[in-house]
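S.K.: Any chance you can model this:
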Amino acid sequence: MGLGLQPWRGVVAGSERAGEALVRPDLCPFVKSVLGGIVTSSGEFGSVDAWAGMYTCDMTRRLFQELERLSGKTVFPLQLPSTRTPEAARWFCESVRNLALELIKAGFSSGYDPAAALAWETDRLSGAAALRAAALSFRVPPVALQELFHGFFVENRFPESVVPGDRSPRVRVAVTGSVIARGDDAVAETLSELGAGYLPLGCTGLGGLPSTVPTDGSIEALALASFNDTRCIRNRPNHGVFDWIAGQVELGGCHGLVLKTLSFCDLWHTEKERFRQMPFPVLVLSSDLSPGERGRTSVRLQAFIETLEALHA
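M.R.: Take a look at the predicted model:
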């Protein structure tokens, strides 16, 4: 926004079958969905002028390597360091600054406006606070809550407030893990049908919401705040991520945790045994975004909710 550009995140499912025509089948379903959206120009994918891709794993890194050839658009790759050190933070800030300079040099922007950037980030922080309060109230139905989060992350819709409903679920479930793309509603829909509470903790939930207020509107200050807010299992060390998840489960009074991972993802899935050692029931779900997944997810979630109800009857 500081560069006068309109950001949009392609966190959308539904095109993975088209993407499978381009890559081997054991690739991340989310990456396949992005590829499919690009080659079919579906929805907002057809109106993108340039891609700024922040990769966090080998699959997304490979995606951005092929993106320019497949989309015909200029791609500006950006790596998010996994190490949580002052040196890594400085490197990331410099990388974001170079990204801005490259966008200006390529003619996508005439310059950077710190005031505009800070105003947008202030609205984003305010919207994040409203979403956080709504999620922890458990009064918003899971499907409606997930749509609010998708609006925040995909379309930059920052609510000033969220009107709570009259729900009071007996069982509360926290959900963490891989990105939950728009259109991937199996978990939220099933929890809604079962009358359970839903606390999304992943990078498209509370874990991805900003909380650090930048010192100013400079590129470096915004990048540093973003780096400090990253709660990804890829972080090294990642004990702080586990501590945060456990703290949110306790804060929300949740009775159990669902670890939702994408098939063939080596970020969250490899930590499943460590999650199972946490001091509350944990269900591991592997997702491939296929049409038949809705039924499998529903059956497993229903059994998990019944177990939680029996434990807290």
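S.K.: What is the burial count for Gly253?
M.R.: Gly253 has 12 neighbouring residues, counting by other Cβ atoms under 10 Å. For the C-beta atoms, the positions are set from N, CA and C on the backbone; glycine is no exception.
S.K.: Quickly note the distance from the residue lying closest to it once chain neighbours are set aside to Glu306.
M.R.: In space, and not counting its chain neighbours, Gly253 is closest to Arg172: 5.9 Å by Cβ to Cβ, 6 or more residues apart in numbering. Separation of Arg172 from Glu306 (Cβ to Cβ, to the nearest Å): 15 Å.
S.K.: quick one, phi psi at the residue nearest to Gly253?
M.R.: Backbone geometry at Arg172, expressed as degrees, to the nearest 10, gives phi -120, psi 130.
S.K.: neighbours around His255, how many?
M.R.: Other residues within reach of His255, judged by other Cβ under 10 Å, total 23.
S.K.: Might you report the residue contacts of it?
M.R.: By Cβ atoms under 8 Å, 6 or more residues apart in numbering, the residues touching His255 are 171-173, 280-281, 308, 311-312.
S.K.: May I see those organised as a markdown table, with distance to Thr190 added?
M.R.: Formatted as a markdown table, the contacts of His255 follow (distance: Cβ to Cβ, whole Å):
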| residue | distance to Thr190 |
| --- | --- |
| Val171 | 12 |
| Arg172 | 15 |
| Val173 | 10 |
| Phe280 | 19 |
| Pro281 | 16 |
| Leu308 | 14 |
| Leu311 | 19 |
| His312 | 19 |
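S.K.: Just the buried residues of stretch 150-163, please?
M.R.: 150-154, 156, 158-159, 162 (16 or more other Cβ atoms under 10 Å).
S.K.: list the buried ones in the longest helix anywhere in the chain?
M.R.: The residue-count maximum for a helix in the chain (DSSP state H) belongs to helix 114-137. Of the residues in helix 114-137, 117-118, 120-121, 124-125, 127-132, 134-136 count as buried by neighbour count, 16+ other Cβ under 10 Å.
S.K.: Just give me the closest of the residues you listed to Ala181.
M.R.: Leu131 (17.5 Å; Cβ to Cβ).
S.K.: The closest residue to Arg274 other than its chain neighbours - how many residues pack around it?
M.R.: Using Cβ to Cβ, 6+ apart and skipping the chain neighbours, the partner closest in space to Arg274 is Phe242 (7.1 Å). Neighbour count of Phe242, defined by other Cβ under 10 Å: 16.
S.K.: Against Ala221, how distant is Phe242?
M.R.: For Phe242, the distance to Ala221 - Cβ to Cβ - is 28 Å.
S.K.: cool, and Gly208?
M.R.: Distance, Gly208 to Ala221, using Cβ to Cβ: 19 Å.
S.K.: Could you do Val213 as well?
M.R.: 10 Å.
S.K.: Name the residue in those two with the higher neighbour count.
M.R.: Taking other Cβ under 10 Å, Val213 and Ala221 do not tie; Ala221 has more neighbours (19 against 11).
S.K.: Correct me if wrong: the more buried one contacts Thr215.
M.R.: Yes. With contact defined as Cβ atoms under 8 Å, Ala221 reaches Thr215; the gap is 4.7 Å.
S.K.: Wait, Trp268 touches Ile233, no?
M.R.: Yes. Assessed by Cβ under 8 Å, Trp268 is found in contact with Ile233 at 5.3 Å.
S.K.: Comparing these two, which residue is more hemmed in?
M.R.: For Trp268 and Ile233, the more surrounded residue by other Cβ under 10 Å is Ile233, and the numbers stand at 27 against 22.
S.K.: mind giving me the domain split of the chain?
M.R.: As given by automatic domain parsing, the domain ranges for the chain are 8-79, 130-213+228-311.
S.K.: still on that earlier bit, counting neighbours, which of the contacts of His255 end up buried?
M.R.: For the contacts of His255, buried by 16+ other Cβ under 10 Å: 171-173, 281, 308.
S.K.: No further queries at this time; thank you.
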